[in-house]
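Trainee: how does the following fold in three dimensions:
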Amino acid sequence: MSKQKEEKTNVMRVLDQKKISYTPHAYPVGDAAPDGVSVAQMLGQDPAAVFKTLVAKGASGGYYVFDIPVAATLDLKKAAKAVGEKSITMLPAKDLLPLTGYVHGGCSPVGMKKRFPTVFHQSCLEQDTICVSAGKVGFQVEVNPADLIALVGASTADVAAEG
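Mentor: Predicted structure coming up:
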């Protein structure tokens, strides 16, 4: 069996360039991107330590990135408050690629076309490492949350809906 060359995504190249250590993970992908909880199960990870990246638009017209545990739902009121907006709405999936350079299911807080204000759910600070998309469906990177927050200039807040 020949050893396959590990595929590097743009996110992995950014982490390498910034000398941030990470563990790459790959998972099988069918016709559609699996939901985040399924990805966590495939990787043998606690869903509380696997984060999805969501993009929203504020009432002012600004764009914002939110990273929350895969089993959680973004609370739009809390998220708006965290970024100082009156209200926010989720970005339509068709607008994701032109704005960020990423497709739905492969959106990462690292390496977007442009840097947007980013908020991680505060629970990331309770984890030794968290997994986020490596910028391509089927790939994740596991990284220290403090390193990730520093890299993307993020803040933390309680932006998930209760329960």
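
Trainee: before we move on, what SS does Val39 have?
Mentor: helix (DSSP: H, G, I helix; E, B strand; the rest coil).

Trainee: contacting residues around the residue nearest to it when sequence neighbours are not counted?
Mentor: Residue nearest to Val39 in three dimensions, not counting chain neighbours: Tyr27, with 5.8 Å by C-beta to C-beta, 6 or more residues apart in numbering. C-betas here are computed from N, CA, C, even on glycine. Listed by C-beta atoms under 8 Å, 6 or more residues apart in numbering, the contact set of Tyr27 reads 34, 39, 42-43, 138-140.

Trainee: I'd like these as CSV, with neighbour count appended.
Mentor: Below are those laid out as CSV (neighbours: other C-beta atoms under 10 Å):
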residue, neighbour count
Pro34, 17
Val39, 24
Met42, 16
Leu43, 16
Gly138, 19
Phe139, 20
Gln140, 30
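
Trainee: keep only those of these that are in strands.
Mentor: Within these, residues falling in strands by DSSP state E are 139-140.
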